[in-house]
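Student: just need the structure, nothing else, for what follows:
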Amino acid sequence: GGAGGGGMSKGKDDAPHELESQFVLRLPPEYASTVRRAVQSGNVNLKDRLTIELHADGRHGIVRVDRVPLAAKLVDLPCIIESLKTIDKKTFYKTADICQMLVCTVDGDLYPPLEEQTVTTDPKANKKKDKDREKKFIWNHGITLPLKNVRKRRFRKTAKKKYIESPDVEKEVKRLLSTDAEAVSVRILS
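Tutor: Predicted coordinates:
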């Protein structure tokens, strides 16, 4: 994560949102090269040049590169990426599983869209609304070009299972047991 600037007051309910310990940061090419040069130079002033601030919804934010604001959206990747660390280029240590990416754009909205406050008592409608909201943050591609549309190509939709209602099952078991008890003789076939 990172710290954000600005004169926003943070109340108890408006606490900064915590990101996972590691995530992929995808920037437009010109800003990516600026950040890459800053990281490779080893300057300690990187926190002055790159800030990440997430909004209360936890999915939108503002990333500033050299004080230029970029709209950011936190998306869920289709696969888990293992992050490894090495000191001697022979021994690798796993540091995290990465499954989120912060996608930054120059022309996006800096603030998340305000959600319409329609209160419904129907739990099915609320569940569908939550599912539709989550779909907005599912990324269909991997992080490399061969994995474009990987979610559609590799992951099949799961069929919904039809569960038999348990009262019907209980009735059927009782019927079988009662006919079994009434029988003159019972043979078990193997």
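Student: what's the following helix or strand after the helix or strand bottoming out on mean pLDDT in the chain?
Tutor: One helix or strand of the chain scores below all others by mean pLDDT, DSSP states H and E: helix 123-135, with a mean of 67. In the C-terminal direction, the helix or strand that comes right after helix 123-135 (DSSP states H and E) is helix 150-154.
Student: now do the helices in this structure.
Tutor: Along the chain, the stretches classed as helices by DSSP state H are 29-41, 46-49, 123-135, 150-154, 166-182.
Student: nearest to R64, of those helices?
Tutor: R64 lies closest, by CB to CB, to one member of the helices of the chain: helix 46-49, at 8.5 Å. From N, CA and C alone the C-beta is placed, and that goes for glycine too.
Student: just the C-alpha atoms of the closest one, please, in PDB.
Tutor: Below are the C-alpha coordinates for helix 46-49, written out as PDB (Å, rounded to 0.1, in the frame of the first residue of the first chain):
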ATOM      1  CA  LEU A  46      10.400   7.300  -4.000                       C
ATOM      2  CA  LYS A  47       7.700   7.900  -1.500                       C
ATOM      3  CA  ASP A  48       7.700  11.600  -2.500                       C
ATOM      4  CA  ARG A  49       7.400  10.700  -6.200                       C
END
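Student: and it, average pLDDT?
Tutor: Averaged across helix 46-49, pLDDT comes to 86.
Student: show me what that helix packs onto, helices and strands only.
Tutor: helix 29-41 (3 or more CB pairs under 8 Å, 6 or more residues apart in numbering; DSSP states H and E).
Student: now do the residue nearest the centre of the chain against T51, distance only.
Tutor: Centroid check for the chain by CA atoms, centre = their mean gives D76 as the closest residue, at 3.1 Å. Taking CB to CB, to the nearest Å as the measure, D76 falls 23 Å from T51.
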